[in-house]
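Colleague: Structure, please.
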Amino acid sequence: MLELIKDNLLFGLIIPIAITMIIGLIFKFFIPDDLLKRYKITHLKNVRKRVDNNLKTWLLDYYDRKNGEKIIYELHNNLKIPYLSKPSWFKQSDSAREVHFFLDNAVKEDIKEDIKIIKNRKMLGQKITNNEIWSLKNIDENSDSNVITISMKKSRYNKYITIADKLALEAERCQRMGFFLKPKVRNKRARTLLDLLLNKPGVQIIGFSVACVFHFNNKYEVLIHRRSYDTAIGGGKMSVIPSYVCEPTPTGVDYKDNVPFELHYFLKEFSEEIYNQNELQDNGNIANHRWFYEMEPTKSLLESYGTGFKFQILGLGFDAITTELNIAAVAYLNESKISYDLRGNSSYNWEFGKDRDDVYIYRHKFIKLGTEEFDELLSRDDLYHTSAFTLDCLQKRFYSGYEPFK
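Modeller: All right, here's what the predicted structure looks like:
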């Protein structure tokens, strides 16, 4: 047994490290800079592919061993995904999950931006901008009132990418090298669900995955797309749309009293991602950051809110890879001008996937709820797991007989 361990240590760790160091020295002193840059980009792409495609089994095993209660979400087809939640955080009935948002600006954090991580991301062509973001402070669940309160703080996007990559890249190395490496960062900051609830990772972005469901000819169809590799999270994966993070506006005023926090950000991202309107963070010189309320499609959506348009939170949980607090929601749109206009007049933004010739490869697709095609979508490895959670909650609600417009 001792000899076997020595052999594994020699061939699984020491020799690969030595070879890597030798190759690194050769590249540094004898290879042209442009060729070295191309090699590094190829290496970073390969690492990112392993992070996106190879971590599922390792993460499921890690959180199954580290937590006494079952926190790994299981789809209705019995497939487990790297998404951490618990039954009280999502509902299968016709009632929406009641979530309140509390904004707290007086919070300090211990995460510092890692310049190397950000540089590597940008080398891959990803659009990384160090904007302000809403980040998790803590979650308070009141079982008596059936309300979940999410306390948020302001942070910076680069800090989120820093801790997310430290966790993900460490997990990739542990998955590749087995018991020779221990996930020290994850053990310290994201070992249990309680760690995530109390914001031990330091910066946990507030993200939404929203299923847009359209009512056509007595059928409900959900809009999906394939994300661009330019996006920082889930590049190349199939996803609901819009999927987004919440960024405070420069004025500090984020929504009107009659437009809840979650609805404001949906309207903003719906306009940006599907109608390709200017992104609000690129308009810092605009005094009124609710300017798009008077533009289509937002104007029509607000006018029909509660009748032809409904927005509901389905549940929430944590992305096991990045520790993002992900909120699943659904936007129901009844047969209306905007539903049909979407099919013919939408102008999708840069977050939609492209191939090498810069041609859209998966602009969008409508999939009917309750069909074999929808079930097959949930079984696909290239469906990002935060979207899988949203779609599974939506499918369960559909099978329960819920009718949003009756």
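
Colleague: From here on, just use CA atoms for contacts and neighbour counts.
Modeller: Will do.

Colleague: And the helices in this structure, which stretches?
Modeller: The residue ranges that make up the helices of the chain, judged by DSSP state H, are 2-9, 15-30, 33-54, 56-66, 115-123, 157-177, 184-189, 193-197, 261-275, 298-303, 337-345, 372-378, 385-399.

Colleague: Mind putting those helices into JSON lines with distance to K237, mean neighbour count and mean pLDDT?
Modeller: Putting the helices of the chain into JSON lines (distance: least, Cα to Cα, whole Å; neighbours: other Cα atoms under 10 Å; pLDDT from 0 to 100) gives the following:
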{"stretch": "helix 2-9", "distance to K237": "35", "mean neighbour count": "11", "mean pLDDT": "48"}
{"stretch": "helix 15-30", "distance to K237": "30", "mean neighbour count": "12", "mean pLDDT": "66"}
{"stretch": "helix 33-54", "distance to K237": "9", "mean neighbour count": "15", "mean pLDDT": "68"}
{"stretch": "helix 56-66", "distance to K237": "14", "mean neighbour count": "16", "mean pLDDT": "87"}
{"stretch": "helix 115-123", "distance to K237": "17", "mean neighbour count": "15", "mean pLDDT": "84"}
{"stretch": "helix 157-177", "distance to K237": "17", "mean neighbour count": "21", "mean pLDDT": "89"}
{"stretch": "helix 184-189", "distance to K237": "24", "mean neighbour count": "16", "mean pLDDT": "93"}
{"stretch": "helix 193-197", "distance to K237": "25", "mean neighbour count": "20", "mean pLDDT": "92"}
{"stretch": "helix 261-275", "distance to K237": "16", "mean neighbour count": "20", "mean pLDDT": "85"}
{"stretch": "helix 298-303", "distance to K237": "27", "mean neighbour count": "16", "mean pLDDT": "87"}
{"stretch": "helix 337-345", "distance to K237": "22", "mean neighbour count": "13", "mean pLDDT": "62"}
{"stretch": "helix 372-378", "distance to K237": "12", "mean neighbour count": "15", "mean pLDDT": "90"}
{"stretch": "helix 385-399", "distance to K237": "9", "mean neighbour count": "23", "mean pLDDT": "91"}
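
Colleague: N326 is nearest to which of those helices?
Modeller: N326 lies closest to helix 385-399 among these, at 6.9 Å (Cα to Cα).

Colleague: Now tell me what touches the closest one from outside.
Modeller: By Cα atoms under 8 Å, 6 or more residues apart in numbering, the residues outside helix 385-399 that reach it are 73, 75-76, 81-83, 90-94, 209-211, 239-240, 314-315, 319, 326, 328-330, 369-370, 378.

Colleague: Just the buried ones from those residues?
Modeller: Buried subset of these (neighbour count, 16 or more other Cα atoms under 10 Å): 73, 75, 81-83, 90-93, 209-211, 239-240, 314-315, 319, 326, 328-330, 369, 378.

Colleague: so can I have CSV of the helices of the chain showing distance to E247?
Modeller: Below are the helices of the chain laid out as CSV (distance: least, Cα to Cα, whole Å):
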stretch, distance to E247
helix 2-9, 46
helix 15-30, 40
helix 33-54, 25
helix 56-66, 29
helix 115-123, 19
helix 157-177, 9
helix 184-189, 24
helix 193-197, 21
helix 261-275, 9
helix 298-303, 18
helix 337-345, 25
helix 372-378, 29
helix 385-399, 19
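
Colleague: closest to D104 out of those?
Modeller: Using Cα to Cα, those put helix 261-275 closest to D104, at 13.9 Å.

Colleague: So which elements touch the closest one?
Modeller: Helices and strands touching helix 261-275, by 3 or more Cα pairs under 8 Å, 6 or more residues apart in numbering; DSSP states H and E: there are none.

Colleague: Take the contacts of helix 385-399 and keep only those in strands.
Modeller: 73, 81-83, 209-211, 239-240, 314-315, 319, 326, 328-330 (DSSP state E).

Colleague: so which pair among those is furthest apart in space?
Modeller: Pairwise distances across the ones in strands among the contacts of helix 385-399 peak at 21.0 Å for P82 and V330 (criterion: Cα to Cα).

Colleague: what mean pLDDT does stretch 206-213 have?
Modeller: Averaging pLDDT along stretch 206-213 gives 94.

Colleague: picking that back up, now, among the ones in strands among the contacts of helix 385-399, which is nearest to L103?
Modeller: Nearest to L103 among these, with distances taken as Cα to Cα, is N326, at 16.9 Å.

Colleague: quick one: contacts for the residue nearest to S151 when sequence neighbours are not counted?
Modeller: Setting aside the residues directly before and after it, S151 is nearest to F102 in space (Cα to Cα, 6 or more residues apart in numbering), at 4.6 Å. Residues near F102 by Cα under 8 Å, 6+ apart: T149, I150, S151, M152.

Colleague: Can I get those residues in JSON lines including distance to P404?
Modeller: Output for these, formatted as JSON lines (distance: Cα to Cα, whole Å):
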{"residue": "T149", "distance to P404": "25"}
{"residue": "I150", "distance to P404": "26"}
{"residue": "S151", "distance to P404": "29"}
{"residue": "M152", "distance to P404": "30"}
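
Colleague: what is V213 paired to in the beta sheet?
Modeller: V222, Y332 (DSSP bridges).

Colleague: That one is in contact with K219, isn't it?
Modeller: No - with contact defined as Cα atoms under 8 Å, V213 does not count as touching K219 (9.8 Å).

Colleague: Looking at these two, which is more packed in?
Modeller: V213 (25 against 11; other Cα atoms under 10 Å).

Colleague: show me what contacts the more buried one?
Modeller: Contacts for V213 (Cα under 8 Å, 6+ apart) come out as Y220, E221, V222, L223, V330, A331, Y332, L333.

Colleague: Now render these as JSON lines, adding pLDDT.
Modeller: Below are the contacts of V213 laid out as JSON lines (pLDDT from 0 to 100):
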{"residue": "Y220", "pLDDT": "87"}
{"residue": "E221", "pLDDT": "89"}
{"residue": "V222", "pLDDT": "91"}
{"residue": "L223", "pLDDT": "88"}
{"residue": "V330", "pLDDT": "94"}
{"residue": "A331", "pLDDT": "93"}
{"residue": "Y332", "pLDDT": "91"}
{"residue": "L333", "pLDDT": "88"}
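
Colleague: Fine, thanks again, bye for now.
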